[in-house]
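Colleague: Need a 3D model of the sequence below.
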Amino acid sequence: MARSPIDNNLVEEATAWRRHLHAHPETAFEEKATADFVATKLKEFGIEVHRGLGGTGVVGTLKRGTSPVAVGLRADMDALFIQEENTFDHRSTIDGKMHACGHDGHTAMLLAAASHLARNGDFDGTVRFIFQPAEETGDQHCGGNAMVKDGLFEKFPVDAVFGMHNFPNVPAGRFMMRTGPMLASIDTFEFHVLSRIAHPATQFAVADPLLTAAAIVQEMHMFKARYLNPAEPVVLSITQFRSGDPSHRQGVHVTPDEAVVRGTLYTLNDSVRDAFEAGLEKIVRNATEAVGAGHKFIFERGYPVLRNTRTETQFAASVGNRWRKARRRRHATDHGRRGLRVHAGQRTRQLRVPRLSQRGRGSASPLAHRAIRLQRRHHRHRRALLDDAGGALSRRNARAALEQPAQLLVRRRPWRRLASCLP
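Modeller: You can find the predicted model right below:
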């Protein structure tokens, strides 16, 4: 497939799409306007559109040539029940709903990929653009399951599906991936401690559901800390604890008859899920029986562990590495034209760096390569250890410069280190 550079106009369009979607968030299975927007754009690109899978799902199909190979590219569309407090122009226009997980960006990126491939895609095969609703439900009732049950892969067969998720803490230009377990399973649980209402003066006559529930929460965390292999990645969170009625102030004079606690469990190992389901239920049962209270325990399994297959992961990593190397070559070539401006003491010099060959094997001088190595050594402040005349510093002068790094400051940073994609 021929590689065509991304048009800057497309980047601007995708930015506008993302901001439009961000301003109009829709939650699980309510993504009607979002689906309309997606379908309209796909039709404008000349892509065949199918709607209705999973309720509000959208699938676009782009065919080229005669190859039977088909690849799916997937994005999610739904928002969260969160009140946005931002003040920029494209903030959410719907109270209580916000694209806080980045699905507006995912949708815009997949639309941009569809636009680019429709105009420049020189490939032989089929690409399916899968826009999924209701990812945020986190359980078996999610939009992905709904689309599959509606015949997604029977109607639109594919050999592999690729998806991605933004991660704000990762620098721009870096992709993180691995073979095997990549994202944890997500399960939810809740338990009820059941007793009777009583006056504090006679609370000894009944089980205290609040105190019992608090003890159970402690026992659950102890189970995780002391009775599970510490090498197993597990996140146990208690997220809701309700007992009594806080809206009635006079209710403070009676002990409540019930306590309800909810939480989530994340892990990369299915056997750990089994152990936690059995272990948490046993903790609730034993604690309530010990004080004479009743109980109810619910453990609901949600998304399974996301496991990346080796072949597809290595392919995605190779694409990322090719992009990274191409960007390095572009930066180095561009730098050969403009030179590197370095501030040394009170003077500014321009170091001419020879242009790299088109093959990327580099005809750059040893001085330029040493400058790169030294810049990486001081990548926190992007220092360059170069003297007034543009030559390499002696080791003694370099050591002195390390002690006073403020004297040497790179004005332009062409060789920004880009992280590699690890399979």
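
Colleague: Now do the strands in the stretch 251-400 of the chain.
Modeller: 258-267, 294-301, 306-308, 340-344, 347-351 (DSSP state E, counting those that start in this stretch).

Colleague: A strand includes residue 162, no?
Modeller: Yes - looking at residue 162 with DSSP: H, G, I helix; E, B strand; the rest coil, it is inside a strand.

Colleague: Torsion angles phi and psi at the nearest residue to residue 267 once chain neighbours are set aside?
Modeller: The spatially closest residue to residue 267, leaving aside those adjacent along the chain, is residue 234, at 4.8 Å (C-beta to C-beta, 6 or more residues apart in numbering). C-betas here are computed from N, CA, C, even on glycine. In terms of degrees, to the nearest 10, the main-chain angles of residue 234 are phi -140, psi 140.

Colleague: what helix or strand is residue 56 on?
Modeller: Assigned by DSSP states H and E, residue 56 belongs to no helix or strand.

Colleague: Could you report the separation of residue 135 from residue 309?
Modeller: From residue 135 across to residue 309, the span is 21 Å (C-beta to C-beta, to the nearest Å).

Colleague: number of nearby residues for residue 48?
Modeller: Here the number of neighbours of residue 48 (other C-beta atoms under 10 Å) works out to 12.

Colleague: For the closest residue to it other than its chain neighbours, which three-state class applies?
Modeller: Distances taken as C-beta to C-beta, 6+ apart put residue 61 closest to residue 48, at 4.5 Å, once the chain neighbours are dropped. Following three-state DSSP, the label given to residue 61 is strand.

Colleague: same thing with residue 35?
Modeller: helix.

Colleague: Identify the residues contacting it.
Modeller: By C-beta atoms under 8 Å, 6 or more residues apart in numbering, the contact list for residue 35 reads 51, 56-58, 77, 131, 133.

Colleague: repeat for residue 164
Modeller: By C-beta under 8 Å, 6+ apart, residue 164 lies in contact with 106, 109, 175.

Colleague: Among those residues, which lie within helices?
Modeller: Among the contacts of residue 164, DSSP state H puts 106, 109 in helices.

Colleague: ok so, going back, so how many other residues sit close to the residue nearest to residue 267?
Modeller: Neighbours of residue 234 using other C-beta under 10 Å come to 18.

Colleague: Repeat that for residue 243.
Modeller: Residue 243, neighbours per other C-beta under 10 Å, totals 20.

Colleague: I'd assumed residue 254 was in contact with it.
Modeller: No - Residue 243 is not in contact with residue 254 according to C-beta atoms under 8 Å; the separation is 11.5 Å.

Colleague: for the chain, where's the lowest mean pLDDT among helices and strands?
Modeller: In the chain, no helix or strand scores lower on mean pLDDT, DSSP states H and E than strand 408-410, which sits at a mean of 36.

Colleague: So residue 6 lies in a helix, does it not?
Modeller: No - counting by three-state DSSP, residue 6 is located in no helix; its state is coil.

Colleague: And the residue lying closest to it once chain neighbours are set aside, which helix or strand is it part of?
Modeller: What sits nearest to residue 6 in space, not counting adjacent residues and going by C-beta to C-beta, 6+ apart, is residue 116, at 6.4 Å. Element membership for residue 116, per DSSP H and E: helix 103-120.

Colleague: Just confirm residue 41 is within a helix.
Modeller: Yes - per three-state DSSP, residue 41 lies within a helix segment.

Colleague: From the chain's centroid, how far away is stretch 278-294?
Modeller: Relative to its parent chain, stretch 278-294 has a centroid offset of 37 Å by C-alpha atoms, centre = their mean, to the nearest Å.

Colleague: If you count neighbours, what's buried in it?
Modeller: The neighbour-count criterion (16 or more other C-beta atoms under 10 Å) identifies 279-281, 283-284, 287-288, 293 as the buried residues of stretch 278-294.

Colleague: again with stretch 176-187
Modeller: So, applying 16+ other C-beta under 10 Å, buried residues of stretch 176-187: 177, 179, 181, 184-187.

Colleague: okay, now the closest residue to residue 166 other than its chain neighbours: neighbour count?
Modeller: Residue nearest to residue 166 in three dimensions, not counting chain neighbours: residue 102, with 4.2 Å by C-beta to C-beta, 6+ apart. A count of nearby residues for residue 102, using other C-beta under 10 Å, gives 17.

Colleague: On the pLDDT front, check residue 102 for me.
Modeller: Per-residue pLDDT puts residue 102 at 95.

Colleague: what's the distance between it and residue 84?
Modeller: Distance from residue 102 to residue 84, by C-beta to C-beta: 13 Å.

Colleague: Over to residue 187?
Modeller: 28 Å.

Colleague: next one: residue 264
Modeller: Residue 264 sits 23 Å away from residue 84, going by C-beta to C-beta.

Colleague: Between the two, tell me which one has more neighbours.
Modeller: Each of residue 264 and residue 84 has its neighbours counted (other C-beta under 10 Å); residue 84 has more, 21 against 16.

Colleague: element containing that one, please.
Modeller: Going by DSSP H and E, residue 84 is not in any helix or strand.

Colleague: since we're on the residue lying closest to residue 251 once chain neighbours are set aside, how many residues are nearby?
Modeller: Spatial nearest neighbour of residue 251, chain neighbours left out: residue 245 (5.0 Å); criterion: C-beta to C-beta, 6+ apart. Residues lying near residue 245 (other C-beta under 10 Å) number 12.

Colleague: Might one say that residue 245 is in contact with residue 252?
Modeller: No - Residue 245 is beyond contact range of residue 252, at 9.8 Å (criterion: C-beta under 8 Å).

Colleague: Residue 197: neighbour count?
Modeller: Residues near residue 197, counting by other C-beta under 10 Å, number 13.

Colleague: quick one: it and residue 241, what's the gap?
Modeller: For residue 197, the distance to residue 241 - C-beta to C-beta - is 19 Å.

Colleague: which residues of the stretch 51-200 of the chain fall in strands?
Modeller: 58-64, 70-76, 125-132, 160-163, 180-183, 185-194.

Colleague: about what we covered before: out of the contacts of residue 164, who's nearest residue 321?
Modeller: Proximity of the contacts of residue 164 to residue 321 (C-beta to C-beta) peaks at residue 175, which lies at 9.4 Å.

Colleague: For residue 188, see how far away the closest one is.
Modeller: 30 Å.

Colleague: Residue 294 now?
Modeller: Using C-beta to C-beta, we find residue 294 at a distance of 21 Å from residue 188.
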